[in-house]
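Participant: the sequence and its predicted three-dimensional model are supplied below.
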Amino acid sequence: MRGAFIVVEGLDRSGKTTQVANLQAKLESSGTPVKLFKFPDRTTAIGQMIDSYLRSQSELDDQAIHLLFSANRWELATSIESLLEQGTTVVCDRYAFSGVAFSAAKGLPLEWCRAPDSGLPAPDLTIFFDISPEAARARGGYGEERYEKEQLQRRVRELFDVLASEFDDERWVTVDAGRSKEEVAGEVWKYAAALVGKVSPQVDKLWVPALQGRIMYSMKL
Ligand code: DGP
């Protein structure tokens, strides 16, 4: 049985990183082999360019940084797919949905933003951590990085809603991330436990265009 591919998405300061670590630990202790990925992965050569941009140490055109974020996912796509095929569950802190939502929030056309990520391994489930930008700010404030501004986060949240509306409830669930850590962890575990061991054998492709020119999501090739 192949591993499940679970993506956790959300605004900055929605608690993703804590919950993803918690989910990893729970899966491990239930005997499920699991590997955690985090995008952007700042350890690769491409990731270092992204890191420098996010910390405002370098400037890049919006289009150029968008393609670097996408390339950062593509450089790990084969590893993700191999792990899934070998039976390892992959949990991913952010993925292509952040890619589209953050760049489109800056004003790039949504379909242009989607194109470079189409064909990536499709998550079996995306868990979206929903929190209002005001509540996120109240958690200790946004940091110093480039996108950590309330107005931009508000637009990002709207764009995540657009992306969510393209999936059914089996592929995308929204969790109220404004609650306690324990409540959020309980809900995340409920979704993860229901999925692991029950995924279809083939890993789908994300956002692959169908022949009619209509965008089909997670269509099998
Ligand atoms: P994080 O390391 O999770 O705090 O993410 C760093 C910041 O980069 C965060 O503000 C969200 C943003 N981000 C993450 N992925 C992408 C992406 O693919 N494209 C763009 N434009 N921004 C992204």
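Facilitator: It's in.

Participant: need the contact list for Thr126.
Facilitator: For Thr126, the contacting residues are 6-9, 95, 97, 167, 171-173, by Cβ atoms under 8 Å, 6 or more residues apart in numbering. For glycine as for every other residue, the C-beta is placed from the backbone atoms N, C-alpha and C.

Participant: also Gly178?
Facilitator: Per Cβ under 8 Å, 6+ apart, neighbours of Gly178: 130-132, 135.

Participant: circling back: so which of the contacts of Thr126 belong to strands?
Facilitator: 6-9, 172-173 (DSSP state E).

Participant: export the contacts of Thr126 to JSON lines and tack on neighbour count?
Facilitator: Shown next, in JSON lines, are the contacts of Thr126 (neighbours: other Cβ atoms under 10 Å):
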{"residue": "Ile6", "neighbour count": "24"}
{"residue": "Val7", "neighbour count": "27"}
{"residue": "Val8", "neighbour count": "27"}
{"residue": "Glu9", "neighbour count": "25"}
{"residue": "Tyr95", "neighbour count": "24"}
{"residue": "Phe97", "neighbour count": "23"}
{"residue": "Phe167", "neighbour count": "18"}
{"residue": "Arg171", "neighbour count": "17"}
{"residue": "Trp172", "neighbour count": "21"}
{"residue": "Val173", "neighbour count": "16"}
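
Participant: so what's the residue lying closest to Gly3 once chain neighbours are set aside up against?
Facilitator: With Cβ to Cβ, 6 or more residues apart in numbering as the criterion, Gly3 has its nearest non-adjacent residue at 4.0 Å, and that residue is Thr89. Contact partners of Thr89, counting by Cβ under 8 Å, 6+ apart, are 3-6, 27, 32-35, 196.
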